[in-house]
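Asks: fold the following, please.
(one chain, ligands or ions: 2)
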Amino acid sequence: MTDRPPGRVSLPKDRIRVVLLEGIHPSALDLLRTEGYTQIAAVPRALAGADLVDAIADAHFVGIRSRTQLTAEVLEHAPRLVAVGAFCIGTDQVDLAAAMRRGIPVFNAPFSNTRSVAELVLAEIVMLMRGIPYKNAVLHRGGWVKSAEGSREVRGKTLGIVGYGHIGTQVGVLAEHLGMQVVFADIETRLPLGNARQLPSLAAVLDAADVVTLHVPDTDATRGMVDAAALARMRPGSHLINASRGKVVDIDALAQALRSGHVAGAAIDVFPAEPKGNDARFASPLVEFDNVLLTPHIGGSTQEAQENIGREVAAKLVRYSDNGSTVTAVNFPEVALPEHTGRSRLLHIHRNVPGILARINERFSSAGINIAGQYLRTNEEVGYVVIDVDGTAPQEALDHLCGIPGTIRCRVLY
Ligand SMILES: NC(=O)C1=CN([C@@H]2O[C@H](COP(=O)(O)OP(=O)(O)OC[C@H]3O[C@@H](n4cnc5c(N)ncnc54)[C@H](O)[C@@H]3O)[C@@H](O)[C@H]2O)C=CC1
Ligand SMILES: O=C(O)CCC(=O)C(=O)O
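Replies: Ligands and ions are numbered 1, 2, ... in the order given. Got it, this is the predicted structure:
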């Protein structure tokens, strides 16, 4: 991390620029407007390359969903950026470490669309076990397949969940209501809900399951996790569901497993490369298979989920902007803060090197500025200290703060 001049943002709300991409629900705009933010640009699609850089060049807050890639390079071109809102669960589309080093907290909605994904997966389990994708495709072509062959009840069958977090547990609970037996694999030991059982490995789940459903985040360990070997390990005639992230499954290997008939069907909501908007073309080796249910990354796309996500993430951005709170930020020290009525609040983000807090306190004390409240949280790389002073903070307080070596960013809230 290199030293660079601190950004200093202390703007009235009507000069704070917010850019919302990817058709974020109007509930976010409503909340921002109600809170006094007027400069809001809403774009219905994901942007990339020069379009993205242009769109966010002057933005103080950026809202995205899963398709906009906020890489370190893109972030470098957004010098005024104060915080990012990921209006979804996954945050793998943001270089979280680069954002943190630039003093930019990233907020998401960790469970506003959980139920929506779980309901879709539950429906897909039944559809796949009954061979509906294939039968539906044949009828659309004028054919007729009234047959029970390969068609099974889900009752008594085994559902294998890979990644037993918020979504995985919900899917498990719902599946048990249909009479399924639930087994799961997770890198952590998880409390099994209902009669679910944690198995020691992915392989053990693949061995046991009639349907395997994936609910892991996109990480180095999960990318390519379901490869040719894993698919071969699945039970003959079993089914695969992926509503997690596209790169978790090797799509070519899946196509091969479907072609051979070893995997009887699949429901895939996420893809290694996804179109940026509804006007773009979709291509995948899976389009040729009638027994594959393809959906355009809509696991979390229900009115209920999107409306809640819009409000939840916008509220987090507003809270950070107005109050400084970083509670629930996914890449940042979390500082919970009371209201600061009658006080000025100085926010200081710095490299986590020894002595910064001592320097701040020395400088304030020698300038005779009384600190009325101080809140500090650090992680390995970054520290975030919030200082309340009574009344209006003197300019020199901000100057002292911003001048401290190691400062990444500082601003004042009145
Ligand atoms: N299709 C869609 O529209 C949506 C997709 N998602 C995706 O679903 C993912 C899961 O969401 P949540 O359940 O809310 O996340 P979560 O964080 O609550 O759960 C993820 C679970 O996966 C486990 N895990 C991580 N690495 C693993 C590995 N290598 N092997 C086995 N388990 C591993 C974690 O320990 C955790 O229990 C998100 O990260 C996101 O990528 C989320 C919402 C909507
Ligand atoms: O709805 C979206 O844009 C993305 C949903 C998703 O994948 C997530 O929440 O992680």
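Asks: which residues does the residue in the chain positioned nearest to ligand 1 contact?
Replies: At 1.7 Å from ligand 1, G165 is the closest residue in the chain, using Cβ to the nearest ligand atom. From N, CA and C alone the C-beta is placed, and that goes for glycine too. For G165, the contacting residues are D186, R190, H215, by Cβ atoms under 8 Å, 6 or more residues apart in numbering.
Asks: would CSV of the residues you listed with distance to D92 be doable?
Replies: Shown next, in CSV, are those (distance: Cβ to Cβ, whole Å):
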residue, distance to D92
D186, 18
R190, 21
H215, 14
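Asks: among those residues, which one is most surrounded by other residues?
Replies: The most crowded member of these, judged by other Cβ atoms under 10 Å, is H215 (29 neighbours).
Asks: secondary structure element for the closest residue to P133 other than its chain neighbours?
Replies: Distances taken as Cβ to Cβ, 6 or more residues apart in numbering put L293 closest to P133, at 4.4 Å, once the chain neighbours are dropped. L293 is part of strand 292-294, with elements assigned from DSSP states H and E.
Asks: following that strand, which helix or strand comes up?
Replies: Criterion used, DSSP H and E; the element after strand 292-294 is helix 303-323.
Asks: in the stretch 201-350 of the chain, which residue sits closest to ligand 2?
Replies: For the stretch 201-350 of the chain, Cβ to the nearest ligand atom, closest residue to ligand 2: G300, 4.0 Å.
Asks: show me the domain layout of the protein.
Replies: 1-108+302-332, 114-294, 333-413 (the TED database).
Asks: can you redo these as TSV with mean pLDDT?
Replies: Shown next, in TSV, are the domains of the chain (pLDDT from 0 to 100):
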stretch	mean pLDDT
domain 1-108+302-332	93
domain 114-294	98
domain 333-413	91
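Asks: okay, and the beta partners of the closest residue to R15 other than its chain neighbours?
Replies: If the residues on either side of it in the chain are set aside, R15 comes closest to Q39, at 6.9 Å by Cβ to Cβ, 6+ apart. Following DSSP bridges, Q39 is listed with bridge partners R17.
Asks: burial of T38, as a residue count?
Replies: 12.
Asks: list the contacts of it.
Replies: So T38 contacts K13, D14 (Cβ under 8 Å, 6+ apart).
Asks: again, 6 Å this time
Replies: D14 (Cβ atoms under 6 Å, 6 or more residues apart in numbering).
Asks: now do it against ligand 2, distance only.
Replies: 25 Å (Cβ to the nearest ligand atom, to the nearest Å).
Asks: ramachandran coordinates for that residue?
Replies: Backbone torsions for T38, taken as degrees, to the nearest 10, come to phi -110, psi -20.
Asks: buried residues in stretch 79-90?
Replies: Neighbour-count burial for stretch 79-90 flags L81, V82, A83, V84, G85, A86, F87, C88, I89, G90 (criterion: 16 or more other Cβ atoms under 10 Å).
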